[in-house]
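S.K.: Here is my input; please provide its structure:
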Amino acid sequence: MADRQTERLAARAAAIGDNAPNSGSARSAIPSFIVMDVMRAALAAENAGRSIMHMEVGQPGTPAPRAAREAAVRALQGETLGYTMALGNDALRERIAQHYADWYATRVPPERIAITAGSSAAFVLAFLAMFDAGDAVALPSPGYPCYRHILSALGQRSVLIETGPATQWMPTPEDVVQAVQRDGIKGLLIASPANPTGTMITSERLSALIRVCREHGVRLISDEIYHGLTYARAAETALACDEEAVVINSFSKYFSMTGWRIGWMVVPPQFVRAVERLAQNLYISPPAIAQAAALGAFDGAEELEANRLAYANNRALLLEELPKAGFSDFAPPDGAFYLYCDVGHMTDDAAALARVLLDEAGVAVTPGIDFDAERGNRFLRFSYAGTTADMAEAARHLKEWAARRR
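M.R.: Numbers count the residues shown, from 1 in each chain. Predicted coordinates:
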């Protein structure tokens with residue numbers, strides 16, 4: 001399945017005019033991030049006077065914690081906010097290292113931590129530092145679409161590992177061995193909790209994947225951006241099992257700081273200087289004001305836990321109410337704030353169904369085609385990152401829509 005999803009989506013984009021002839025480099029001819037297109041359509045409906053319930057984008061409905069905002073105010077009043085070092089402020093790197101000790105009982109030297117402009121910049125830096133042009137990286141499918149789009153833009157290749165209920169929506173060691181033998185992969189990227197499914201990897205599976213990666217010289221990258229947003233058991237960092245893992249995280253989700261564009265990565269010692277050189281040239285430094293706010297965010301634990309409990313309430317509400325509208329077949333919603341729902345009994349065109357729900361129910365959702373070009377036409381992703389009141393209202397809209405169609 002190497003790059004097949006990207007090829008299909010790029011062809012679709014070309015067919016509708018997203019990639020006009022002679023408009024730029026071949027590397028720029030990547031598919032759009034469909035959830036952002038859905039968000040644009042939802043905002044257009046709102047600008048036209050309609051009330052829209054947002055379940056499309058994975059964005060917390062809460063602001064940055066008060067401690068983060070207060071730290072930003074202090075920085076604005078007392079600092080010049082110029083360039084920082086390319087890998088970020090030492091104080092923030094040290095605080096993130098303490099975070100690993102507090103949450104995971106894992107020691108991470110601050111020198112191995114790079115502060116980035118959101119996790120997106122971290123993926124660019126990781127892919128450039130770890131892999132050459134033409135190298136193949138295995139990704140789970142369904143999965144976050146920007147993984148494969150970034151790899152494509154960098155001249156690298158995606159090898160898609162199909163997951164589903166039979167594999168608990170996670171890659172298996174056998175999948176990795178097959179990808180090594182068939183596609184010569186140099187890397188494996190995993191995410192737990194995962195987007196779009198919300199599923200989490202078990203400790204046993206994580207350990208097994210790490211072992212097989214070591215045996216075959218495959219570099220493991222662990223996307224841990226949804227850590228902290230779990231509802232039955234805590235997520236485990238790959239660093240607890242493998243000091244050589246590359247771990248990427250962000251202040252966007254658990255810390256509720258999407259627009260601040262601040263994240264981090266933990267890299268093996270031998271790659272720190274390479275990441276630093278790349279960061280110096282590509283970004284100069286992460287945003288100084290966002291770093292100040294991120295340092296303050298660690299003092300907002302009580303507020304952040306209240307947010308997590310609100311998501312847990314949203315999750316419970318939707319698991320009870322959405323089946324009443326015909327949406328009942330979900331991947332196990334272990335973490336993050338997503339429900340990935342099989343709607344194959346309703347449609348074989350989830351994108352069309354998403355448009356219908358926006359037009360007729362006033363609810364914005366994301367079609368599975370964004371995450372899985374092969375099977376996503378029968379899935380929708382519902383985000384429950386908004387307020388509980390909004391989630392209850394969205395469920396009411398969907399139930400009323402379903403009743404009208406009966």
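S.K.: Keeping just the C-alphas, turn the longest helix along the chain into PDB.
M.R.: Looking across the chain with DSSP state H, the single longest helix is helix 301-321. Extracted in PDB, the C-alpha atoms of helix 301-321 (Å, rounded to 0.1, in the frame of the first residue of the first chain):
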ATOM      1  CA  ALA A 301      -2.900  20.900  36.500                       C
ATOM      2  CA  GLU A 302      -6.200  21.400  38.300                       C
ATOM      3  CA  GLU A 303      -7.800  23.200  35.400                       C
ATOM      4  CA  LEU A 304      -6.400  20.700  32.900                       C
ATOM      5  CA  GLU A 305      -7.800  17.800  34.800                       C
ATOM      6  CA  ALA A 306     -11.200  19.500  34.800                       C
ATOM      7  CA  ASN A 307     -11.000  19.700  31.000                       C
ATOM      8  CA  ARG A 308     -10.200  16.000  30.800                       C
ATOM      9  CA  LEU A 309     -13.200  15.200  33.000                       C
ATOM     10  CA  ALA A 310     -15.400  17.300  30.700                       C
ATOM     11  CA  TYR A 311     -14.200  15.300  27.700                       C
ATOM     12  CA  ALA A 312     -15.000  12.100  29.600                       C
ATOM     13  CA  ASN A 313     -18.500  13.400  30.200                       C
ATOM     14  CA  ASN A 314     -18.800  14.300  26.500                       C
ATOM     15  CA  ARG A 315     -17.600  10.800  25.500                       C
ATOM     16  CA  ALA A 316     -20.100   9.100  27.800                       C
ATOM     17  CA  LEU A 317     -22.900  11.400  26.500                       C
ATOM     18  CA  LEU A 318     -22.200  10.700  22.800                       C
ATOM     19  CA  LEU A 319     -21.700   7.000  23.300                       C
ATOM     20  CA  GLU A 320     -25.300   6.900  24.700                       C
ATOM     21  CA  GLU A 321     -26.900   9.400  22.400                       C
END
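S.K.: so how far is it off the chain centroid?
M.R.: 19 Å (CA atoms, centre = their mean, to the nearest Å).
S.K.: List the buried residues in that helix.
M.R.: Of all the residues in helix 301-321, those buried under the rule 16 or more other CB atoms under 10 Å are Glu303, Leu304, Asn307, Ala310, Tyr311, Ala312, Asn314, Arg315, Leu317, Leu318, Glu321. For the C-beta atoms, the positions are set from N, CA and C on the backbone; glycine is no exception.
S.K.: Settle this for me: the second one is touching Phe255, isn't it.
M.R.: Yes: applying CB atoms under 8 Å, one finds Leu304 in contact with Phe255, separated by 6.6 Å.
S.K.: Which neighbours do the two have in common?
M.R.: Taking CB atoms under 8 Å, 6 or more residues apart in numbering as the contact definition, Leu304 and Phe255 share the neighbouring residues Pro65, Gly228, Ala297.
S.K.: Filter the residues you listed down to the buried ones, PyMOL style.
M.R.: Applying 16+ other CB under 10 Å to the shared contacts of Leu304 and Phe255, the buried members can be selected in PyMOL as follows:
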select buried, resi 65+228+297
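S.K.: Ala389 sits in which helix or strand?
M.R.: Using DSSP states H and E, Ala389 sits in helix 388-405.
S.K.: Output the contacting helices and strands for that helix.
M.R.: The contact analysis (3 or more CB pairs under 8 Å, 6 or more residues apart in numbering; DSSP states H and E) places helix 388-405 against strand 53-54, helix 301-321, strand 363-364.
S.K.: which one of those lies closest to Asp372?
M.R.: Evaluated over the helices and strands packed on helix 388-405, closeness to Asp372 peaks at strand 363-364, with 19.4 Å, by CB to CB.
S.K.: And that closest one, what does it pack against?
M.R.: For strand 363-364, the packing partners by 3+ CB pairs under 8 Å, 6+ apart come out as helix 34-47, strand 53-54, helix 388-405.
S.K.: Deepest in the core, which of the ones you listed is it.
M.R.: Burial of the helices and strands packed on strand 363-364 is given as mean neighbour count (mean count of other CB atoms under 10 Å); strand 53-54 ranks first at a mean of 22.
S.K.: how distant is the helix or strand that that strand is followed by from the center of its chain?
M.R.: Under the assignment DSSP H and E, the closest C-terminal helix or strand after strand 53-54 is helix 66-78. Chain-centre distance of helix 66-78: 27 Å, with CA atoms, centre = their mean.
S.K.: now the angle between helix 301-321 and the helix or strand that helix 66-78 is followed by, please.
M.R.: Following helix 66-78 in sequence order, the next helix or strand is helix 90-104 (DSSP H and E). Angle of helix 90-104 versus helix 301-321, following axes from the mean of the first three to the mean of the last three CA atoms, to 10 degrees, is 50 degrees.
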